[in-house]
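Chemist: Structure for this input, please:
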Amino acid sequence: QVQLQESGPGLVKPSQTLSLTCTVSGGSITTSYSYWSWIRQPPGKGLEWMVAIAYDGSTYYSPSLKSHTSISRDTSKNQFSLQLSSVTPEDTAVYYCMVATIDFQNYWGQGTQVTVSS
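Modeler: Residues are numbered from 1 along each chain as shown. As a prediction, this is how the structure comes out:
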């Protein structure tokens, strides 16, 4: 079974860049037709899909976040990463990585709390 684990700082100052990494085990980020996403949930709000990178390296961005979001991957480490620039307190959320597979399975990381505060 695929397992995902988020890692990164729990506290980021406003205007800085947030970087999170998702480490994958039990499966490969290059598995055909797998799509690897970052999703967040601000306090008291619903889930928000942010960005995804596909098995072939193609990237997909939420239009509302595209201007300050980027995603990358390291296939040698079986990891993919999120960078969110110029963060504000509104970026405070629990951040999740997840994968959607060709057989309609979804696997999620446990999530990591990120707080933006000076």
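
Chemist: Does Ser32 touch Tyr55 like I think?
Modeler: Yes: applying CB atoms under 8 Å, one finds Ser32 in contact with Tyr55, separated by 5.6 Å. (Glycine included, C-beta is placed from N, CA and C.)

Chemist: Which one of those two is surrounded by more residues?
Modeler: Tyr55 (18 against 10; other CB atoms under 10 Å).

Chemist: Is the more buried one in contact with Ile29, as I believe?
Modeler: Yes: between Tyr55 and Ile29 there is a contact under CB under 8 Å: 6.9 Å.

Chemist: in what helix or strand does the residue nearest the centre of the chain lie?
Modeler: Closest residue to the average C-alpha location of the chain: Trp38 at 2.6 Å, with CA atoms, centre = their mean. Using DSSP states H and E, Trp38 maps to strand 35-41.

Chemist: what lines up beside that strand in the sheet?
Modeler: Within its sheet, and counting by DSSP bridges, strand 35-41 is paired with strand 48-54 (antiparallel), strand 93-100 (antiparallel).

Chemist: Mean pLDDT, mean neighbour count and distance to Tyr61 for the ones you listed - can I get that in TSV?
Modeler: Formatted as TSV, the strands paired with strand 35-41 follow (pLDDT from 0 to 100; neighbours: other CB atoms under 10 Å; distance: least, CB to CB, whole Å):
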stretch	mean pLDDT	mean neighbour count	distance to Tyr61
strand 48-54	98	19	5
strand 93-100	98	21	16
